[in-house]
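[1] Give me the fold of what follows.
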Amino acid sequence: MKKIVTMLIIICFSILLVSCNKVEEKKELKDLPYYTYLEDSNPEILIEVKGFGTMKAQLFPKVAANTVNNFIDYITEKAYTKSTFHRIISDFMIQGGIVNNTKDSINGEFMSNGFKNKLNHNRGVLSMARTNYFNSATSQFFIMHKDSPHLDGNYATFGALTSGFDVLDKIANVNTINDAPIKDVVIESITVELNGYKPSSVVYS
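    Model (predicted):
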């Protein structure tokens with residue numbers, strides 16, 4: 001009888017602990033500047049980084065649908081597996097996504113390119129890398145380490161972290177030479193859970 005009571009107490013305590021963690025997690029999410037963009041129906045990705053841990057993010061089709069579809073396309077083809085974060089600037093951003101088989105470029109979905117995208121480059125936000133040509137984004141992306149308002153409206157933001165900020169910090173603070181990490185920061189994999197979202201075919205430039 002005592003064993004049963006003990007087990008029930010342990011189970012109840014475990015349930016309470018999980019509930020408290022979920023409440024705390026939701027409270028932390030509400031503090032994010034992009035909280036209003038977060039939806040259960042958004043695609044969710046996991047970025048596994050060797051030796052650093054996992055970053056979880058939501059993608060925002062309502063913000064930049066073609067950019068999201070393009071990113072998902074690369075993910076489903078496992079293009080990012082064993083790629084690296086090759087450009088790292090602490091207090092700015094970490095950049096990755098050089099892949100073996102790059103597809104055609106897509107149009108930049110941002111304000112200065114005539115596209116309504118109001119998601120700012122706050123800490124944790126995902127955005128597409130490009131050349132000086134607005135419609136040149138392919139596979140490379142970056143994650144903001146710190147708020148960078150000078151980028152707002154000039155690069156295609158399309159998602160944001162929901163957890164793994166400690167991983168972001170660890171990566172952003174590795175030793176670098178000319179913004180390249182001394183030791184490779186390897187992306188083991190990026191996976192996606194669509195949560196009911198149905199990607200359309202990517203429209204290329």
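
[2] Skipping adjacent residues, who's closest to Pro43 in space?
    Leu59 (4.4 Å; Cβ to Cβ, 6 or more residues apart in numbering). All C-beta spots, glycine's among them, are computed from the backbone N, C-alpha and C.

[3] how about that neighbour, what does it touch?
    Residues near Leu59 by Cβ atoms under 8 Å, 6 or more residues apart in numbering: 42-45, 68, 71-72, 126, 158-159, 192.

[4] rerun that using 7 Å as the cut-off
    42-43, 45, 68, 71, 158-159 (Cβ atoms under 7 Å, 6 or more residues apart in numbering).

[5] what sits opposite it in the beta ladder?
    With DSSP bridges as the criterion, Leu59 is bridged to Gly159.

[6] Which helix or which strand is home to the residue nearest the centre of the chain?
    The chain has Ala57 as the residue nearest its centroid, 4.3 Å off, counting by Cα atoms, centre = their mean. For Ala57, the host element (DSSP states H and E) is strand 53-59.

[7] any idea which helix or strand comes after that strand?
    Immediately after strand 53-59, counting by DSSP H and E, sits helix 61-76.

[8] Now do that following helix against strand 53-59, angle only.
    Angle of helix 61-76 versus strand 53-59, following axes from the mean of the first three to the mean of the last three Cα atoms, to 10 degrees, is 130 degrees.

[9] surely Asn120 meets His150?
    No - using Cβ atoms under 7 Å, Asn120 is not in contact with His150, being 10.7 Å away.

[10] Tell me which of those two has more neighbours.
    Asn120 (17 against 8; other Cβ atoms under 10 Å).
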